[in-house]
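K.L.:
how does the following fold in three dimensions:
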Amino acid sequence: MRWCCESLLPLAPEPEHEASEKGRLLFAGPVDFVKGVVAMNGLPPADRPEVCFAGRSNVGKSSLINALTGRNGLARASNTPGRTQEINYFALGEHSYMVDLPGYGFAKAPVAVVAKWQALLKNYLAGRPTLRRAFALIDRATASKRSTTRS
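P.N.:
Model (predicted):
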């Protein structure tokens, strides 16, 4: 059995080769930026499954998308917290969307702007019918901060 780093939690078993290859091909195929959305009425049609990446500002959501797809400039990554200010949609071929959400926490943005992001994120996460998975990225250096655990 394999164990996870410091927490000593067992890791999931390795996927079967066929499933692993299917996942690799999903991210290795065509991936295109579709649009950035600032309001729920701007979302693309709910015509395919979606997965999204959520987490604090500057945790690495955009960098993860770039790493998964092998395309360094696909999702805009920055050292400045709060750079992603829209819900950014990327098409994985014709069959699914990958979504980069604005971060929360220490974004350098006006309070009113951050409140608007938070409302948009709550509405998206609670009401998007085609959202199949939401991956929460946690930086262990900031994992214990109170705002990470609040609802």
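K.L.:
where do the helices of the chain begin and end?
P.N.:
17-28, 61-69, 111-127, 146-149 (DSSP state H).
K.L.:
out of those, nearest to Val38?
P.N.:
Shortest distance between Val38 and the helices of the chain, using C-beta to C-beta, is found for helix 111-127: 7.1 Å. All C-beta spots, glycine's among them, are computed from the backbone N, C-alpha and C.
K.L.:
what's the spacing between that closest one and its chain's center?
P.N.:
15 Å (C-alpha atoms, centre = their mean, to the nearest Å).
K.L.:
when you give positions from now on, start the count at 41
P.N.:
Okay, residue one is now 41; in that scheme the one you just asked about reads as helix 151-167.
K.L.:
buried residues, it. List them.
P.N.:
Val154, Lys156, Trp157, Leu160, Leu161, Tyr164 (16 or more other C-beta atoms under 10 Å).
K.L.:
which strands and helices lie in contact with that helix?
P.N.:
Identification of packing neighbours for helix 151-167 by 3 or more C-beta pairs under 8 Å, 6 or more residues apart in numbering; DSSP states H and E yields strand 90-95, strand 127-132, strand 171-177.
K.L.:
before we move on, the earlier item: need the buried residues of helix 151-167 in CSV (columns: distance to Ala86).
P.N.:
Shown next, in CSV, are the buried residues of helix 151-167 (distance: C-beta to C-beta, whole Å):
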residue, distance to Ala86
Val154, 26
Lys156, 22
Trp157, 21
Leu160, 16
Leu161, 17
Tyr164, 11
